[in-house]
Structure formats: C-alpha cells, structure tokens
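Asker: Structure for the following, please:
(one chain, ligands or ions: 2)
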Amino acid sequence: MRTQPAVTALIPAAGHGARFGAEQNKIFTDLLGRPLLGWTLEAFAQCTDIARIVLVANEGESDLLWELGERYAGGKLQAVVLGGSTRQESVRRGLDAVTTEYVLVHDAARCCITPELISECVGTARSHQLMTLVRPVTDTLIRRSGELVERADLVAVETPQGFLTDLLRRAHLSARSEGFVTTDDASLLRRLGRTVHLMESTSPNPKITYPDDLVIAIALLTARTTAKLPFVSDAL
Ligand code: CTP
Ligand code: MG
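Answerer: Numbering: from 1, shown residues only. Ligands and ions are numbered 1, 2, ... in the order given. The predicted model follows:
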C-alpha cells in the first residue's frame, strides 16, 4: 500500500494586528486562558494528517513562538522562520523551511479551525493538488457605486489553502519577480493559469481581525469544549 505523502502546516504569524489595535501582535491575545495562537496550534497538533508545523514570526517574537510550539504543537514544530513586511513575503520565506510534497497554509489568526476541517482540506489537496477553503457569501453585496453584485457568483476566501509545495514556491517566485502582491496564495497560482479547487467550509472558521471577533471565537471554542462533556448540566 502506498503511504500518503507527508503534509506540513505553514502558519504565518508575523503580522502586527493593526486593525485589532492591541499593543502586541494579536496572536498573543488571551483567549479562554491561553494565547490565541495556542488554539490554532492545538488543532494542527491533533490532526493526524499533519506531520510538521512551520511558524513564521516577527523579529523578536521567535522565542515566544518556540515556547508556544513546545506547549501546543504536539512535538510537530519543525521551524520558526523570520517573516516579512507582507503576508505574501512571510509565506514565501516560510516555504524555504518546508520539505514535504504538500503544504497547507493557514492564518495563525484563524484559531477556531478544527482537526476535522484540516483533515478534509488535506484530502482535497491530495486529490486536486491546489485547493482553498471558501465560504458562501450571505450578505447582499453592492459596489460603492451602488451597482448590485450577483451573490451567487461570490465566495469568501478562507484558509487552510493546500498546495503541491513546488507549485506554490514557483508561484511565489514569479509573483515576486513581477511585483504582484496579494493576501491570497491561491491567486498566485491562478495568475499562472492554474485552477484552484474551491472547497466549501463545513464549520465556522472566522479570522480574528477586530476585537469583537473574539466574542465569536469564545462562543465557538466554548461550545466545542462543553460539547465533549456529556450531561454537563446534570453534573453541576
Ligand atoms: N501575517 C504575516 N506576515 C505579515 C502580515 C500578516 O505572517 N507581514 C499573518 C498574520 O499574523 C495573520 C495572517 O497573516 O495570522 C492573516 O493576516 P491578518 O489577519 O491581516 O493579520 P495582521 O496582518 O496581523 O492584521 P492587520 O492586517 O489588521 O494588521
Ligand atoms: Mg494584515
């Protein structure tokens, strides 16, 4: 039987959280008694389809990320790489440390990801080579000019995004040499004419961008933890 190729989770964590507005990088914000990044790491630690984890850090934050890795990454943390001034540059640098055939790129700030959803993404990456998680848009959307945008055509892009590592590496080098910058790795492949499979998300996976987003994360993570305790109300 052919064993499945190993997959590395590449987690960019080298932002500054300007919209979040805290004094420190938002990934260190306390969330139910642990730093936000701890939840993200634990989900990847618990997913048996993930062999290794590479974190991308700000200058001066690498030691902290190693500490969090030792605590929450289940022995999978392989490297902490220095990031760049854009998310794209951070991912490009992180790719230098990836040695597996497939890579799953996931925002550190999406801390409600589950091991099950990660597994689904890995399966889809293995069958389609290039994939991104997406979510159907529920709001009615207009352009600022007032023109209505057909909602059925639209999806919101989330992470994880799964790639054959060599293809993503090539796409990053090409974008860099042509000065193309985006926050969406999958778009780097599309500009090379590749098709990226869209996988619809099966569970909520918000990105913590503004402080209010923490309320949603607390609700989701609490529901998950208490759901594991049968008859919790009877036990109290
Ligand atoms: N990121 C990164 N390197 C950068 C910018 C962002 O590794 N130069 C990471 C962030 O740490 C985050 C993910 O990319 O986990 C998604 O970015 P975003 O939510 O935009 O986080 P920030 O860039 O930190 O937030 P803001 O844009 O509000 O400053
Ligand atoms: Mg940003």
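
Asker: secondary structure class for the one residue in the chain that gets nearest to ligand 1?
Answerer: In the chain, the residue that lies nearest ligand 1 is G15 (2.0 Å; Cβ to the nearest ligand atom). The C-beta positions use only the backbone N, C-alpha and C, and glycine is treated the same way. Look at G15: counting by DSSP: H, G, I helix; E, B strand; the rest coil, its state is coil.

Asker: Now stretch 215-225: buried residues?
Answerer: Neighbour-count burial for stretch 215-225, counted by 16 or more other Cβ atoms under 10 Å, picks out A217, L220, L221.

Asker: which stretches of the protein form strands?
Answerer: Ranges of strands in the chain, per DSSP state E, are 7-12, 30-31, 34-35, 52-57, 77-82, 102-105, 130-136, 141-142, 148-149, 155-164, 197-200.

Asker: Just give me the neighbour total for the residue of the chain closest to ligand 1.
Answerer: The local packing of G15 (other Cβ atoms under 10 Å) involves 20 other residues.

Asker: S174 versus that one, what's the distance?
Answerer: Separation of G15 from S174 (Cβ to Cβ, to the nearest Å): 24 Å.

Asker: Now A108, what are its backbone angles?
Answerer: For A108, the backbone dihedrals (degrees, to the nearest 10) come out as phi -50, psi -30.

Asker: Quick check: closest non-adjacent residue to A97.
Answerer: A79 (4.0 Å; Cβ to Cβ, 6 or more residues apart in numbering).

Asker: Please point out which parts of stretch 133-142 sit buried.
Answerer: L133, V134.

Asker: quick check, it touching ligand 1?
Answerer: No: judged by Cβ under 6 Å from any ligand atom, stretch 133-142 stays clear of ligand 1, getting no closer than 13.8 Å.

Asker: Could I get the average pLDDT for that stretch?
Answerer: Computed over stretch 133-142, the mean pLDDT rounds to 95.

Asker: Now find how far off-centre it is within its chain.
Answerer: From the chain centre to the centre of stretch 133-142 is a distance of 19 Å (Cα atoms, centre = their mean, to the nearest Å).

Asker: Residues in contact with that stretch: which ones?
Answerer: Outside of stretch 133-142, the residues within contact range by Cβ atoms under 8 Å, 6 or more residues apart in numbering are 117, 121, 148-149, 151, 154-161, 198-201, 205.

Asker: what do you get if the cut-off is 6 Å, keeping everything else the same?
Answerer: Outside of stretch 133-142, the residues that reach it under the criterion Cβ atoms under 6 Å, 6 or more residues apart in numbering are L148, V149, R151, L154, V155, A156, V157, E158, P160, L198, M199, S201.

Asker: Now for these, which sits with the most neighbours around it?
Answerer: Using other Cβ under 10 Å as the neighbour test, those are led by P160, with 30 neighbours.

Asker: Thanks a lot, catch you later.
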